[in-house]
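Student: need a structure here:
(one chain, ligands or ions: 1)
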Amino acid sequence: MNIIHKCTTTRKTAVVTGATSGIGRDIARQLRKRGYHLIITGRNQKELERLVCEFGEKYTTAASADIADKRECLALYRLACEYNTEVLINNAGFGMYGEFAETSLAREMDMLDVNVRAVHILMKLFLRRFAHRNYGYILNVASSAGYVPGPFMSGYYASKSYVVSLTSSVYEEVKRRGLNVHISMLCPGPVKTDFNSRAGVRGKIDGISSELAAAEAVDGMFAGRFEIIPTAGVKAICYLGGAMPKKISAFANYFVQKLNKSRK
Ligand SMILES: NC(=O)c1ccc[n+]([C@@H]2O[C@H](COP(=O)([O-])OP(=O)(O)OC[C@H]3O[C@@H](n4cnc5c(N)ncnc54)[C@H](OP(=O)(O)O)[C@@H]3O)[C@@H](O)[C@H]2O)c1
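Tutor: A predicted model of the protein is given here:
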């Protein structure tokens, strides 16, 4: 991990992974507006430097970290322990497009390390800390992809299904313990970010803005909502798709992906 800027503060603090782009960056903006000192991460150092200027040196700590590496997750946690951290946004993630038999195994392992392993490690470490203080918020950025199988993005959909399952179980455990710790997950459908170009998704997919996704996420999290699904249409897809036999939803999604690919 490389510390780009570090500030000294006792202010309430929020950690945002994947803050250099898209949904994470807009969630960071929302949290800054609410007075949080931010710990922002990602690998893009230039953008982190720019964000320190945007958010203000007095309110931002920035560290570049590749959280596919477990040691970087631990370093990020140790950094957060130096502050009055009460919010974790587990947002960093990426997808990969292609038939399962054809996609790169190495890149897929990297994807699972970021989308699954880092989320798991950070959620556990921060939850222990928040449980000890009996206060905190954890928001995991999952996806509508977490509810259904997704041919042509099978590994990505499976990774988000892990996040949905993990978050749901932990939510129930925390609630039953009566802790004042709030567990939420954001499950958007398509959002206009760099996600599709990074994933190699071809075709045209309309989506909501990352500003809207982020505003819903932060409002929902502070309102104590567990499942935050930004639009009614996507909600229907999650619930109906999730209730269908997997074979049928895989069949339906196969043709949706084929159709998207043909719409340039
Ligand atoms: N866009 C959508 O349609 C959509 C829909 C549902 C859910 N989501 C989820 O939303 C989250 C954010 O995605 P986005 O749409 O905002 O995409 P994005 O614009 O591509 O942002 C992805 C973020 O993840 C970070 N990241 C990726 N690999 C990393 C690594 N190894 N180490 C540290 N940071 C890493 C990137 O930072 P660096 O490049 O600086 O490393 C970037 O800040 C993801 O979890 C994604 O699965 C997206």
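Student: can you give me the helices in the protein?
Tutor: Counting by DSSP state H, the chain has these helices, from start to end: 22-33, 45-55, 70-81, 105-112, 119-133, 154-176, 195-199, 210-222, 232-243, 246-262.
Student: who's in contact with Leu125?
Tutor: Residues in contact with Leu125 (C-beta atoms under 8 Å, 6 or more residues apart in numbering) are Cys73, Leu74, Tyr77. C-beta here means a position set from N, CA and C on the backbone, and glycine is covered the same way.
Student: now that we have the residues you listed, which one has the most neighbours?
Tutor: Ranked by neighbour count (other C-beta atoms under 10 Å), those have Cys73 at the top, with 25 neighbours.
Student: mind checking how far it is from Phe100?
Tutor: Look at Cys73 and Phe100: by C-beta to C-beta, to the nearest Å, they are 27 Å apart.
Student: And for Thr60?
Tutor: From Thr60 across to Phe100, the span is 40 Å (C-beta to C-beta).
Student: Of these two, give the one with the bigger neighbour count.
Tutor: In this view Thr60 and Phe100 are compared by other C-beta under 10 Å, and Thr60 has more residues nearby, 25 against 13.
Student: Surely that one is in contact with Ile40?
Tutor: Yes. Taking contacts as C-beta atoms under 8 Å, Thr60 lies within contact range of Ile40: 6.5 Å.
Student: what's the overlap in contacts for the two?
Tutor: Taking C-beta under 8 Å, 6+ apart as the criterion, Thr60 and Ile40 both touch Leu51.
Student: Return the residues of the stretch 101-250 of the chain in contact with the ligand.
Tutor: Within reach of the ligand by C-beta under 6 Å from any ligand atom, the stretch 101-250 of the chain has these residues: Val114, Val141, Ser143, Pro188, Pro190, Val191, Thr193, Asp194, Phe195, Arg198, Gly207, Ser210.
Student: Go ahead and confirm the last one touches Pro190.
Tutor: No. Using C-beta under 8 Å, Ser210 is not in contact with Pro190; the gap is 10.9 Å.
Student: Those two: which is more packed in?
Tutor: Neighbours per residue (other C-beta under 10 Å) separate Ser210 from Pro190, with Ser210 holding more: 23 against 19.
Student: and stretch 231-243, how far from the chain's centre?
Tutor: How far stretch 231-243 lies from its chain's middle: 19 Å, per C-alpha atoms, centre = their mean, to the nearest Å.
Student: Can I get it as CSV, trimmed to CA atoms?
Tutor: Extracted in CSV, the C-alpha atoms of stretch 231-243 (Å, rounded to 0.1, in the frame of the first residue of the first chain):
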residue,chain,number,x,y,z
THR,A,231,-35.1,1.0,-9.4
ALA,A,232,-38.5,-0.8,-9.4
GLY,A,233,-37.6,-2.6,-12.7
VAL,A,234,-34.4,-4.0,-11.2
LYS,A,235,-36.2,-4.9,-8.0
ALA,A,236,-38.6,-7.0,-10.0
ILE,A,237,-35.7,-8.7,-11.9
CYS,A,238,-34.0,-9.5,-8.6
TYR,A,239,-37.0,-10.9,-6.8
LEU,A,240,-38.7,-12.7,-9.8
GLY,A,241,-35.4,-13.9,-11.3
GLY,A,242,-34.2,-15.0,-7.8
ALA,A,243,-37.4,-17.0,-7.3
